[in-house]
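Novice: Need coordinates for the below:
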Amino acid sequence: MIKLSSIVIAMSIALTGAVHAEITPSDKAIKLAHDTILIDTHIDVPYRIHDKWADVTKATEGGDFDYPRAVEGGLNAPFMSIYIPAHLEFEGKGKSFQLANQLIDGMEAIAQRAPDKFAIASSTSDIEAQFKQGKMSIAMGMENGSPIEGDLNNLQHFFDRGVRYITLAHSQSNHISDSSYDIRRKWKGLSPFGKELVKEMNNIGMLIDVSHISDDAFYQVMELSNTPVIASHSSLRKYTPGFERNMNDDMLLALKKNGGVIQINFGSSFVTAKAGTWGKQLKSKKEAVKKDGTKLSKDFDAMYRAKNPYPFASLEQVLDHIDHVVKLIGIDHVGIGSDYDGVGDSLPIGLKDVSSYPNLVQGLMDRGYSDSDIKKILSGNTLRVWKQAEQYAKSH
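Specialist: Below you'll find the predicted structure:
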């Protein structure tokens, strides 16, 4: 058995991206992953299979998720991301609403096609009951609030269809909020409708997801929300300086005051600055080629990658993010939001797909986390904020 603490030896391999080091979790780590409700708040299966169909109720050749691998990893409560691209042709033209409904249809179809394996979960009690039944819960979160289209009736519509969190914006500012990726800060945070939406999300029990939004929008949400929020798939700016998509220490402190949870994103560019720099270099190389009037070949990325190996993050570096959150704001405010099927071939050594959660558990054990602390990270913290949202809605 390779001790996870020895994975540091393999970091030189990770930096070249040439070989994937083998990690073997202990029987205890595997058992803990399997015996605990394991919630991952961000998996991009809906858009993946909408774009290119795959039957994830069975083993699939591609992708990061399928039922057999999820069972192997102990994943039993994935939040499937109802992801809407931040394209101008979607925003405010009915296409966002249509696509969101189609993606939800796809998740319902999976549950209906394999009712012995999957069940739609729209409440914490559903998650707990389905876990006892040995079924995998399909919870849903909407990535990009574009389908709301300025109409609070649409918020209720998607809540009724099972969506339990909304990431207010994605890679461009929309009618709700500015995006961390968008240099045009149209609203200087939230739009007037966005501020109204936050309050109504509280009232109906919809969790607010602060991943992707600008810093100004984040702090405005903190002021407005009467319930804890989540950052469904964000990591830390401490390890990726200048990357606004991640959260800084002041934001973490505000999140603690709010009672919320940050779910750590596994994508290497979210975990290590080297991967982010590599991505910027690839982008500038492409722009230079286009500027010369040369058409980019289909295999340009692969050719670039062959000459410039991708600097995959390590499992240890993901654990560093969790450690920092715990040290700064406590064990009650961190969870898992892998971004599986959403970050392409950029996943860390040792966390390549949904079968890998026992590796994470082993790493936490090796760093001295207790079983109860690990259970909080795997689901306890996310269930807590979700229950608080449910309770607030019942009283309003």
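Novice: Just the C-alpha atoms of stretch 343-358, please, in CSV.
Specialist: Output in CSV follows, covering the C-alpha atoms of stretch 343-358 (Å, rounded to 0.1, in the frame of the first residue of the first chain):
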residue,chain,number,x,y,z
VAL,A,343,-13.0,20.7,-15.9
GLY,A,344,-11.8,18.3,-18.7
ASP,A,345,-8.5,16.6,-18.4
SER,A,346,-7.2,18.8,-15.5
LEU,A,347,-8.1,16.7,-12.5
PRO,A,348,-5.4,16.1,-9.9
ILE,A,349,-3.3,12.9,-9.5
GLY,A,350,-5.3,10.6,-7.2
LEU,A,351,-8.6,12.3,-7.9
LYS,A,352,-9.3,11.5,-11.5
ASP,A,353,-12.9,10.4,-11.3
VAL,A,354,-15.8,9.6,-8.9
SER,A,355,-14.1,6.3,-7.8
SER,A,356,-11.4,8.4,-6.1
TYR,A,357,-13.2,9.8,-3.0
PRO,A,358,-11.6,7.1,-0.7
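Novice: buried residues in that stretch?
Specialist: 343, 346-358 (16 or more other Cβ atoms under 10 Å). Heads up, the C-betas are built off the backbone N, CA and C, glycines and all.
Novice: Looking at the residues you listed, which are in strands?
Specialist: Among the buried residues of stretch 343-358, no member falls in strands (criterion: DSSP state E).
Novice: Past the least confident helix or strand in the chain by mean pLDDT, which element shows up next along the chain?
Specialist: Least confident helix or strand of the chain, by mean pLDDT, DSSP states H and E, is helix 11-16 with a mean of 38. Remark: after helix 11-16, the chain's next helix or strand is helix 27-35, criterion DSSP states H and E.
Novice: show me where the stretch 251-396 of the chain has strands.
Specialist: Under the criterion DSSP state E, counting those that start in this stretch, the stretch 251-396 of the chain contains strands at 261-264, 334-336.
Novice: Give the other helices and strands that the longest one contacts.
Specialist: Think strand 261-264. Strand 261-264 is packed against strand 39-43, strand 230-231, helix 249-258, helix 315-329, strand 334-336, helix 381-394, with contacts defined by 3 or more Cβ pairs under 8 Å, 6 or more residues apart in numbering; DSSP states H and E.
Novice: repeat that with 6 Å
Specialist: On a contact count with 3 or more Cβ pairs under 6 Å, 6 or more residues apart in numbering; DSSP states H and E, strand 261-264 meets strand 334-336, helix 381-394.
Novice: now those as JSON lines including distance to Met140, mean neighbour count and mean pLDDT?
Specialist: Output for these, formatted as JSON lines (distance: least, Cβ to Cβ, whole Å; neighbours: other Cβ atoms under 10 Å; pLDDT from 0 to 100):
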{"stretch": "strand 334-336", "distance to Met140": "17", "mean neighbour count": "26", "mean pLDDT": "99"}
{"stretch": "helix 381-394", "distance to Met140": "13", "mean neighbour count": "19", "mean pLDDT": "98"}
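Novice: Let me know which of the ones you listed is the nearest to Val221.
Specialist: Closest to Val221 of these, according to Cβ to Cβ: helix 381-394, at 13.7 Å.
Novice: need the contact list for Leu190.
Specialist: 177, 217, 220 (Cβ atoms under 6 Å, 6 or more residues apart in numbering).
Novice: Work out for me the element the last one sits within.
Specialist: Gln220 is part of helix 215-224 when elements are defined by DSSP H and E.
Novice: Flag every buried residue along that helix.
Specialist: Of the residues in helix 215-224, 215-222, 224 count as buried by neighbour count, 16+ other Cβ under 10 Å.
Novice: give the contact list for Asp341.
Specialist: 43-45, 48, 63-65.
Novice: Just the closest of these to Gly194, please.
Specialist: Asp44 (23.7 Å).
Novice: which residue sits closest to that closest one, ignoring its sequence neighbours?
Specialist: Nearest non-adjacent residue to Asp44, counting by Cβ to Cβ, 6 or more residues apart in numbering: Gly342, 3.6 Å away.
Novice: Contacts only, for Tyr47.
Specialist: Tyr83.
Novice: quick one: average pLDDT of the helix or strand hosting it?
Specialist: Using DSSP H and E, Tyr47 falls within helix 45-51. Predicted confidence along helix 45-51 averages 96 (mean pLDDT).
Novice: I'd guessed the residue nearest to Asp44 sits against Ile43; true?
Specialist: No: using Cβ atoms under 6 Å, Gly342 makes no contact with Ile43, being 7.5 Å away.
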